[in-house]
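Colleague: Here's a sequence, model it:
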Amino acid sequence: MSQLSRQDKIVAIVKEQGYVTIDELAGKFSVTPQTIRRDINELAKADKIRRHHGGASYDSSTTNVAYAARQILQLPAKEQIAKRIAAEIPNNASLFINIGTTTETVARALLNHQGLQVITNNLNVAAILSGKEDFTVIIAGGTVRSRDGGVMGEATIDFINQFRVDFGIVGISGIDPNDGSLLDYDYQEVRVAQSIISNSRTVFLAADSGKFGRNAVVRLGNITQVDRLFTDEQPPKAINALMKEHKVRLELCTPKLSTSK
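Modeller: This next block holds a predicted model:
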């Protein structure tokens, strides 16, 4: 098979599945991972797919990547982000945790804490944390989204608005690299996240570097509305300038846990 033909098929597979690992593609085409990595780099430079550590995805402004694929997408970065956020949450704190695989990773990193009170619209987060006898886990009412266990709707918003908590831990699908807009795919999910931001004393945004420049159709708000951004790489220059202007603290979550303000 020619390189061009293989690359066309790679694009088709990534579009169909949303996210594919390098090892999967290498097995499918019976070539080395290095060959697939070169193909992905070329396709990413041509803006046909998005390159990630260990794989590639296809960006759509109207449809998110499947939940199972998002669970492994950028996982090492998510784990570093989760570890760093957990280190900033004191015992006996109250917090919101919203929908998303990044926030689910944060929930796992909180299991060594004591006395947390967590309000969530994420059934997976509730399942992760509910085994801790000293935690109080409160699930917001509403309609359950079957594909990922998210809870949303007017009842969810009304429920969230009854609380005022120490920390809001928020994930997001995309961040506009020019104006800092926080973007997601589901209007109802966005409205719940807006309520979480409004009712949190301190807002932590958990977003790996793959979220910068990723398009989604619904605007949640702006990066200037959060107190800290936890990510694994330096954001684009325009985002850094916005954050500096609005005193949003940048937490770079690398294996060495270095911090930049």
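
Colleague: which residues in the stretch 151-261 of the chain form strands?
Modeller: 165-171, 174-175, 181-184, 200-206, 218-222, 228-231, 249-252 (DSSP state E, counting those that start in this stretch).

Colleague: got it, and the stretch 1-150 of the chain?
Modeller: 19-21, 50-52, 55-57, 94-97, 117-120, 136-139, 143-145, 150-152.

Colleague: In CSV: these, plus mean neighbour count, distance to Pro177 and mean pLDDT.
Modeller: The C-beta positions use only the backbone N, C-alpha and C, and glycine is treated the same way. Shown next, in CSV, are those (neighbours: other C-beta atoms under 10 Å; distance: least, C-beta to C-beta, whole Å; pLDDT from 0 to 100):
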stretch, mean neighbour count, distance to Pro177, mean pLDDT
strand 19-21, 21, 21, 85
strand 50-52, 20, 13, 82
strand 55-57, 24, 17, 83
strand 94-97, 24, 26, 98
strand 117-120, 23, 29, 98
strand 136-139, 16, 35, 98
strand 143-145, 15, 28, 94
strand 150-152, 24, 26, 95
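
Colleague: Can you tell me which of those is nearest to Gln80?
Modeller: Closest approach to Gln80 among those (C-beta to C-beta): strand 50-52, 14.8 Å.

Colleague: So which of the strands of the stretch 151-261 of the chain is the most surrounded?
Modeller: Most buried of the strands of the stretch 151-261 of the chain, by mean neighbour count (mean count of other C-beta atoms under 10 Å): strand 174-175, with a mean of 26.

Colleague: Name the residues that touch that strand?
Modeller: Contacts with strand 174-175, where a contact means C-beta atoms under 8 Å, 6 or more residues apart in numbering, come from 181-184, 207, 211-216, 223, 235, 239.

Colleague: do you know which of the strands of the stretch 1-150 of the chain lies nearest Ile81?
Modeller: Ile81 sits nearest to strand 94-97 of all those, at 13.4 Å, using C-beta to C-beta.

Colleague: Mind exporting the C-alpha coordinates of that closest one to CSV?
Modeller: Extracted C-alpha coordinates of strand 94-97, given in CSV (Å, rounded to 0.1, in the frame of the first residue of the first chain):
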residue,chain,number,x,y,z
SER,A,94,-16.6,21.4,49.7
LEU,A,95,-16.5,21.1,46.0
PHE,A,96,-18.4,20.8,42.7
ILE,A,97,-17.1,18.3,40.1
